[in-house]
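Trainee: Got a sequence here, can you build the structure:
(chains A and B)
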Amino acid sequence: MQIAAKRNAFAKTKPLPILSRQILLMMKCTAILLLAACLSASAGTSAQTVSLSEKRISLEKALLAIKKQSGYNLFYKVEMLQAYGKPVDVNIKNVSVPEALQEVFRNQTLTYEVAGTTIIVKEKSEKKLDLLTEGLNPRLDISPPPPPNPDVTITVLNTDNQPLEGASIIIKGQNKGIATDINGRATLRGVDPNATVIISFTGYVNQEYKLSSNPGLKSGVTNLTALIRLAASTNELDQVQIIAYGSTSKRLQTGNVTTVKGEDIEKQPVNNPLLALEGRVPGLFITQVNGIPGGGISIQIQGQNSIGSGNDPLYVIDGVPYPSQNQATVFGGASGTPGILGKSSAGSQFSGNPLSYINASDIESISVLKDADATAIYGSRAANGAILITTKKGKAGPTKLDITLQQGWGKVGHFLDLMNSQQYLQMRKEGKRNDNTAVSSSDYDLNGLWDSTRYTDWQKVMIGGTAGYSNYGVTISGGTTNIQYLVGGTYHRETTVFPGNFANQDVSVHFNISSTSANQKFHFQFSGSYLSDHNSLPGIDLTQYVFLAPVAPALYNPDGTLNWAPNPNASGNSSWVNPLAQQYNLYDNTTSSLVSNATLSYRILPGLELKSNFGFTSLTANEFAGVLINSIAPESRPAYTRTSQFSFNTLKSWIIEPQLNYNRNIWNGKIDVLVGASVQQQGNDGKQITASGFANDQLMKDLKSATSWFSGVADISDYKYNGGFGRINYNWQDKYMINLTARRDGSSRFGDYNRFHNFASAGLGWIFSQEVFAKKYIPFLSFGKLKGSYGTTGNDQIGNYSYLNLYNSQAFGNPYQGVTSQAPGGLSNPYLQWEETRKLALGIDLGFWKDRVLISAMYNRNRSSNEVINYTLSTVTGFTSIKENFPALVQNTSWEFLLNTRNISTNQFSWSSSFNLTIPQNKLISFPGLAQSSFSGKLYIGQPLTILNNYSFYGVDPATGTYLVRNVNGTPTSSPNFTTDLTVFYTTLPKFYGGFQNSFNYKGFQLDFLLQFVSQVNNNFYGNPAAIPGSFGAGKGNQTVSELARWQKPGDISFFARFSSNFQGTSGDRVVEDLSYARLKNLSFSYQFGGKFIKKAHLQNLGLFLNAQNVFTLTPYKGFDPENLNTTTLPPLRVVTLGIKVGI
Amino acid sequence: MLSIFKNKISVFVLLLAFGSAGCKKLVEVDPPVTSTTGASIYTDDVTATTVLTRLYASLSGTAYNSTSGLSTPFSKKAGLSADELSLWSGAGTSDIAYYTNTLAAPAIGSGGITAGNETWTTCFGFIYTCNAAIEGLNAATTLTPSVKQQLLGEAKFMRAFYYFYLVNLYGDIPLALSSDYRINNSLLRSPKAQVYLQMIADLKDAQTSLSSTYLNGQLKSYTSPVIPERVRPTSWAATALLARVYLYTGDWAGAEMQASTVINNTTLFSLSTLSNTFLKTSSGNNEAILQLQPVNTSGTSFFNSEDARLFVLSAAPAGVNSTHIVYLSPQLLSAFETGDARKTNWVTSYTDGTGTYSFPNKYKLALAGASVNEYQTVLRLGEQYLIRAEARAQQNNTSGAQGDLNMIRARAGLGVTSANTQAGLLTAISHERQVELFCEWGHRWLDLKRTGNVDAVMNAVTPLKGNTNGWKSYQQLYPLPIGDVQANPNLVQNSGY
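Mentor: Numbering: from 1, shown residues only, chains lettered A, B, ... in the order given. Now for the predicted structure:
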């Protein structure tokens, strides 16, 4: 009877022709989509807030006014309203629709229901409504004897008035609860009128609702209604954590996931969003390879798992996988040189990092997934962890225009203490004396060709410039409850510290539309990010020129032309390569990146959702490298043929991921089941062309102006990937959680025999602070959770086609007999298998004093086996190796600690801190056949993969001034035996690393800073490792002043050998030192203008800010920067920016 | 209720569809378009030919300053090891090791200098291709029979060619006759004699399989009036190499017979003038039996032979990247008889303040130009006369030997030989080989070892090259790559290393 009556009522009030439920699902979806679009369009034209000020107005008129202002649909029976509607006094201004309705219906005997943007007026008791519709039309008895236990229907909305589905409603003191439906509603039957109801939802602050506060209760209504609006939680534990195929909160997660919010990323003036993660995520170690915009970034999550294959994490942007490496380029891949951009990881062939083609200001959050529980659902690609990037979405509300303008300056943070001209010449002369050799015709610095009275600070000239940093962004967003949109555009430009006109600039657009049907069943989301980048750089990193002799010639001739310092004694040939000539050695990279995805979801039944994600990614990179004739010494120009290199790369990838999600309450807990499939295909099309014979420099970017062309390596490949996955998550009363995932994956990178593999994981969580004993005995403990997970993940980063026996074309300039030739590409192994990583994670999360102090500690143990490694063969086989799976076992263990505190929290002032620390360890546990692998002599059982060995430094021989090292017996020697005497082992693996972030708020002021620290051992920098102190190699012989403490005469005890043009013996581990560092990674200071001023200016908000990156560094390292530890590449820059943010 | 049921069905169907479509088909990719698979390359005449063509192109295209490779890099190394070449004092350690006869196998487990094993690695790399080709061609069913036969012959000829150099440089050799790495990675070293037997078998097969006319890149005969270039192996090349193999194994009668077969084919082969000996056939050189077409270019310009690029000096020897670092040794220069036209035609010198440097000038075109005129010569008729002379002398056919020897001497503008005893003739032939075949494919180094003169000659020469420790007999064999000895415990390093 009850059901029938309800349907009856629904049918009568249904506004649209009822679509037959028998028609096909797809048609229904389409119709609903169209309907949603229509409704939204009309709704979108009206304001979402309602203002009404009337006395004694009829209920009908009041409702019509709300309908008019809000654009909501209104349905009611005229007779009913006239019979039962009471006149209302109303005085509301700019309130939401539900609030207005609540006000209007305050003293009514009628009630209402909001479904999407439809208001339905109905009787409070449906039974009575039935009577009404049956024409009995009785007078309503307003004071029946109150039934002992009324029913209560609670509607849960968020502050944007969107219904929250799945919110849990529990009667306090009882272990009984229900979850809200798609309209955010749930009805509790027969509730004690004195009961208190607790409403909770992930990411929102819990609310208690006392039934006695319901006005209807007094009037004896048996069917109470209540509208509860939950505010988003500011508690760290309740922040939404994006995970694979879904989201959770820190409170409930069983996995090891760290999320960095967009606002923290925005504060950092970086050219690659990954750099904003440095020091913020435990278990994530990032190294910026150089300070070149668009340069390489090395990234590892919980250490190095794979010995011989890729160690990149899986990147997923809005559900769409994104490449972790750039494609083969002019300066990568075939030619083998990483070029100016630098390699992203030691093993990779390619330069730069593709994430630099993602606009950091479009990012809402970045989640770093580490353990098996979080990653196993990505199966074969998540052995090295996963990084999920979520872009910004529009929010319901009035249209908002945000403008951010940022302008900044970048400089090299630390310079070397290099010798001046006197010191340099003294060194050179002393070297000549020590060598007992005369000044030769090629010693230009000593023989008078170069003016020895000159002094140039080459650091200042080559890398002393100021790089510009500009970032201008506009975002328009807004929407209604049913449709939200966001469109943004950003212009970003960075120049370099090098002399010359070089810049990296990009323009990007980002958009997102999401729409929900009126009945909340159908959801559609479409988003895309497009970025077009143009990076023009010198062909080589000019940092290497800082070691030019300080007496090197002037850069320009008096007539303004480049000075090549001709040597009259050598037919006028140049005596140096003028470093400014490198501005005519060009590198140009034009890349555009598109990441787009559409998500369609349909709620078939309450709790059952069918969803599909469609993604398309493309990355197109065109590169040009040209050596213009002006960069060639004048005497070599006649023989020089102008040569340009081009590479054209396109990577296109699409993915379809249908999913079925089911959640319901079962056995007093919540179960969430996900089943899905993933189909992905990726096509790579890369070509390289070398063209030469251009008539002049201007034509060198035009292929058809060349006289000859030569094709380099072409990389045209396909990668297909297919998987099925499932996840079951059960949460019993927010106390016990279990999360099971499984995935079966197939990858085209493996041969027929081993194309598929299964992966699975289990995660458990126990919030023991919910237990009675905890509440009783540890009252200051507000949150306590133990969690653990174990599972398997895989790695297929072994390159395409490696199982196939292939013959590759060999190109010759003058083909043999005019025909092509093909050569075997190598030995193939059709039995190749997946690398597998078994991950174990155990952790504890604690919250004290109402979660003001949150501590989390994790222990992780990842064991990787079945490593794909080149098995060394005798060359009698024709090749040096074959790829095989080795049963080697690599173990990465780490301790991760995270401490979040809200130190001070008042209305005026707040101070919060976050501290994280990671202690990693890496060990090769076993490696049967190590001797037969290509890693023989490079790896050792029981030692980290990053193990290095060296001789033990003894000292400088006091008699001769040359270096001595200890042999295996400890005896000093100048000629050690490298088979026996490499006795010192050390690892470059950091001992620990982490960050310490602080955030202060005072009125409109906010100050944030991040301290990053790394403890590591590596080669310190003394002198100029590229040149022997005292030598004049290619004019780049300058040294740091530390070398002045050299050995000078017999009997001297010194750390530095004598000056000489010749090698002074190996010095072993002389320079291996503790090169730990701590740096103020980021400093951000901002001011938000107060309410009055904003109102006057008709703005939504106005803020000024100052952001600074790499502010200062404390380190014993003597080179440029302890992060990239390199003396010939540009260090990461110190960047300071000023900006303004306006919201209209 | 019905509608709910239907929805469930539709979901079920959807999942079923994904479930069944998932798996195999979705992860199958076509082979890359940039390559040909081993399974398909021998199914088509054109692609099958590309595999063998590549062997010649690689042999020809190995840059003169490369460290590995047969052809020019090997001529340099063998020339340095023997008494043909002098080395610039600033050369790299690898060249110095060859020059001073101080090649050393680095200790197991260390990196170290690997000089000495480059030819080993190069040859086995190519032998893999030959083995894979022989297997693929034998299994092929869709090739034109004549193409299949010719390619099989080429593969066997080339396999014998590579083994010839391996056995002469390293002694006993693991005899890899298949492409299976599991077999090849555990081979023992086969005695030299067994390797020679395999070469003879391969060359005999090649003689019957290979075309007797020179073929173009499509394995078709050149159409008249185009003069065929002699850049693919023919039955004549197989015969010429077989003659050499017989000579090296002491089968004098066999050597004489095979050499005679080539020499008697006067329609194809005749001795050229000295200045024409290394030209391509179409430029007027009928002496060549097998040549290599140069394949390297500089921009739009073509290089001629890599030998010219290595040897021809336009400045005093110098260059840190192994460029222009060798010139003729005093021993070789003094070996020329007075009036030997080869010393003026095939040798030139460059003089500056630092000294006079004589260099081989058999190939003269060192710079890139618009056209190619000189082809690197692998086998030529001149050697066949010397082979037959030696074979005849060994068989006490004095007049026959004298006749052949005098053919070569006459072309060099020299009078008839005065040698008239077997011993005298063998010495004379040995000397003639030194001045005729100098700086070609390591002939001198191989001859010294073959004739047993190596210790006598090198004892005198090695100290002159800057090795104060003097010559040690084991140094006539180069060391095996240390990595191979490690990877295959069945491989034993040459004694002394």
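Trainee: just so I have it, where are all the strands in the stretch 251-400 of chain B?
Mentor: If DSSP state E, counting those that start in this stretch is used as the criterion, the strands of the stretch 251-400 of chain B fall at B:288-292, B:297-298, B:301-302, B:326-328, B:347-352, B:355-360, B:376-380.
Trainee: Compare the mean pLDDT across these and name the weakest.
Mentor: The stretch with the lowest mean pLDDT among the strands of the stretch 251-400 of chain B is strand B:297-298, at a mean of 84.
Trainee: Describe which strands that strand pairs with in its sheet and in which direction.
Mentor: Each strand that pairs with strand B:297-298, with its direction, by DSSP bridges: strand B:301-302 (antiparallel).
Trainee: Now do the same for residue A:229: helix, strand or coil?
Mentor: For residue A:229, the assignment made with DSSP: H, G, I helix; E, B strand; the rest coil gives strand.
Trainee: With adjacent residues omitted, what lies nearest to it?
Mentor: Ranked by CB to CB, 6 or more residues apart in numbering or on different chains and with sequence neighbours excluded, the top spatial neighbour of residue A:229 is residue A:157, at 5.1 Å. C-beta: built from backbone N, CA, C; applies to glycine.
Trainee: So what pairs up with that neighbour in the strands?
Mentor: With DSSP bridges as the criterion, the beta-bridge partners of residue A:157 are residue A:163, residue A:229.
Trainee: any idea how far it is from residue A:69?
Mentor: From residue A:157 over to residue A:69 the distance is 19 Å, taken as CB to CB, to the nearest Å.
Trainee: what number of residues lie near residue A:1009?
Mentor: 18 (other CB atoms under 10 Å in any protein chain shown).
Trainee: Residue A:1107 is in contact with that one, correct?
Mentor: No. The pair residue A:1009 and residue A:1107 does not pass the contact test of CB atoms under 8 Å, sitting 10.8 Å apart.
Trainee: Common neighbours of those two, please.
Mentor: Taking CB atoms under 8 Å, 6 or more residues apart in numbering or on different chains as the contact criterion, the common neighbours of residue A:1009 and residue A:1107 are A:1082, A:1083, A:1084.
Trainee: The second one and residue A:1011, how far apart?
Mentor: Remark: distance between residue A:1083 and residue A:1011 (CB to CB) = 10 Å.
Trainee: again, but for the first one
Mentor: For residue A:1082, the distance to residue A:1011 under the criterion CB to CB works out to 9 Å.
Trainee: quick one on the thing from earlier: which of residue A:157 and residue A:69 has more residues huddled nearby?
Mentor: Taking neighbours as other CB under 10 Å, residue A:157 and residue A:69 compare with residue A:157 leading, 22 against 17.
Trainee: In PDB, list the C-alpha atoms belonging to stretch A:399-415.
Mentor: Written as PDB, here are the backbone C-alpha positions of stretch A:399-415 (Å, rounded to 0.1, in the frame of the first residue of the first chain):
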ATOM      1  CA  THR A 399      30.200  32.900 -12.200                       C
ATOM      2  CA  LYS A 400      33.600  33.800 -10.900                       C
ATOM      3  CA  LEU A 401      36.600  35.200 -12.700                       C
ATOM      4  CA  ASP A 402      40.000  34.700 -11.200                       C
ATOM      5  CA  ILE A 403      43.000  36.400 -12.500                       C
ATOM      6  CA  THR A 404      46.500  35.700 -11.300                       C
ATOM      7  CA  LEU A 405      49.500  37.700 -12.400                       C
ATOM      8  CA  GLN A 406      52.900  36.600 -11.300                       C
ATOM      9  CA  GLN A 407      56.200  38.100 -12.200                       C
ATOM     10  CA  GLY A 408      59.600  36.900 -11.000                       C
ATOM     11  CA  TRP A 409      63.300  36.600 -11.300                       C
ATOM     12  CA  GLY A 410      65.600  33.600 -11.200                       C
ATOM     13  CA  LYS A 411      69.300  33.500 -10.400                       C
ATOM     14  CA  VAL A 412      72.000  31.000  -9.700                       C
ATOM     15  CA  GLY A 413      72.000  30.600  -6.000                       C
ATOM     16  CA  HIS A 414      75.600  29.800  -5.300                       C
ATOM     17  CA  PHE A 415      78.700  30.500  -7.300                       C
END
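Trainee: ok, and for that stretch, which residues are buried?
Mentor: In terms of neighbour count (16 or more other CB atoms under 10 Å in any protein chain shown), stretch A:399-415 has its buried residues at A:400, A:402, A:404, A:406, A:408, A:409, A:410, A:411, A:412, A:413, A:414.
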